[in-house]
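Asks: structure, please.
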Amino acid sequence: MAKIGLFFGTTTGKTESVAEMIQKEFGGESVVKLHNIIDVEASEFEDYQYVIIGCPTWNIGELQSDWEGFFPELDNIDFHGKKVAYFGTGDQVGYADNFQDAIGILEEKISDLGGTTVGYWPTDGYDFNESKALRNGKFVGLAIDEDNQSDLTNERVKAWVAQLKKEFGL
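Replies: Next up, the predicted model:
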C-alpha cells in the first residue's frame, strides 16, 4: 500500500496534472496513491498518516466545486497524528486579490480538525496582493500558476517533493 494519500479536485485538469507530477517525483504509485475527491469516501483518509491535498482556487477565492461538495465531510475525519501538505493551482495575475485562497481555506479547516501542516512554501517569485493561504509570510503549501509561470512548475514540484520527503520522514 502507498504511504501517502494525495487527494485532489480538478476541473480543467491542471491540478490533476500537477498531482501526477508529484506522484512521479515521489517514486510512483507504490509511494503516492491518487484520489480524485469526487470519488472519495471520508473513511479513505484513515489509510494514511501522510496526506497531500490539491485544490485549485475558483472564481473569486472559492474552493473547486468537488472540494466544495466534500468540505462538510471533512468534519467526519480524524486528522490527529496526520501530516498534511497542500498544493494549489491558481492565477496570480487575474486573481491577485485571492491567489491560492482555496488551499488556505482547506488548511485552516484541517488544522482545526487536528492535522499538522507541513510543506510551507516561500512567496518569493510570485506577484499577488492577497491570499488566505498565507501563514507567517509563507504559503501553506506549494503554489502553482500554470497560467503565468508554467515554465517554473517542474522545478517547483521537484523542490517541494524533496522538502516533503524530509518533513514526512521518508
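
Asks: where is the longest helix in this protein?
Replies: Taking DSSP state H as the criterion, the chain has its longest helix at helix 153-168.

Asks: show residues contacting it.
Replies: 3-4, 18, 21-22, 25-26, 50, 52, 83, 85, 87, 118-119, 121, 142, 144, 146, 170 (Cβ atoms under 8 Å, 6 or more residues apart in numbering). Placement of C-beta: from N, CA and C, glycine included.

Asks: what subset of those is buried?
Replies: 3-4, 18, 21-22, 25-26, 50, 52, 83, 85, 87, 118-119, 121, 142, 144, 146 (16 or more other Cβ atoms under 10 Å).

Asks: what's the mean pLDDT across the longest helix of the chain?
Replies: Mean pLDDT, helix 153-168: 97.

Asks: now stretch 16-30
Replies: For stretch 16-30, the mean confidence score works out to 97.

Asks: and for stretch 83-98?
Replies: The predicted model gives stretch 83-98 an average pLDDT of 97.

Asks: how far does that stretch sit from the chain's center?
Replies: Between the centre of stretch 83-98 and the centre of its chain there are 9 Å (Cα atoms, centre = their mean, to the nearest Å).

Asks: cool, stretch 149-156 as well?
Replies: Per Cα atoms, centre = their mean, the centroid offset for stretch 149-156 relative to its chain is 16 Å.

Asks: now the terminal residues of it, how far apart.
Replies: 10 Å (Cα to Cα, to the nearest Å).

Asks: pLDDT at Met1, what is it?
Replies: Confidence score, pLDDT, at Met1: 57.

Asks: re the thing from before, so which of the buried ones among the contacts of helix 153-168 sit within strands?
Replies: Using DSSP state E, the members of those that fall within strands are Ile4, Tyr50, Ile52, Lys83, Ala85, Phe87, Trp121, Leu142, Ile144.

Asks: how about the fifth one, what does it touch?
Replies: So the one you mean is Ala85. Here Ala85 is in contact with Tyr50, Val51, Ile52, Ile53, Thr117, Val118, Gly119, Gly141, Leu142, Leu164, Glu167, Phe168 (criterion: Cβ under 8 Å, 6+ apart).

Asks: looking at the third one now. What's its pLDDT?
Replies: It refers to Ile52. Looking at Ile52, the pLDDT reads 98.

Asks: just the element for the nearest residue to it once chain neighbours are set aside, please.
Replies: With Cβ to Cβ, 6 or more residues apart in numbering as the criterion, Ile52 has its nearest non-adjacent residue at 4.2 Å, and that residue is Leu6. Assessed by DSSP states H and E, Leu6 sits inside strand 4-8.

Asks: would Lys109 count as being in a strand?
Replies: No: read with DSSP: H, G, I helix; E, B strand; the rest coil, Lys109 is helix and lies in no strand.

Asks: sweet, I'm off.
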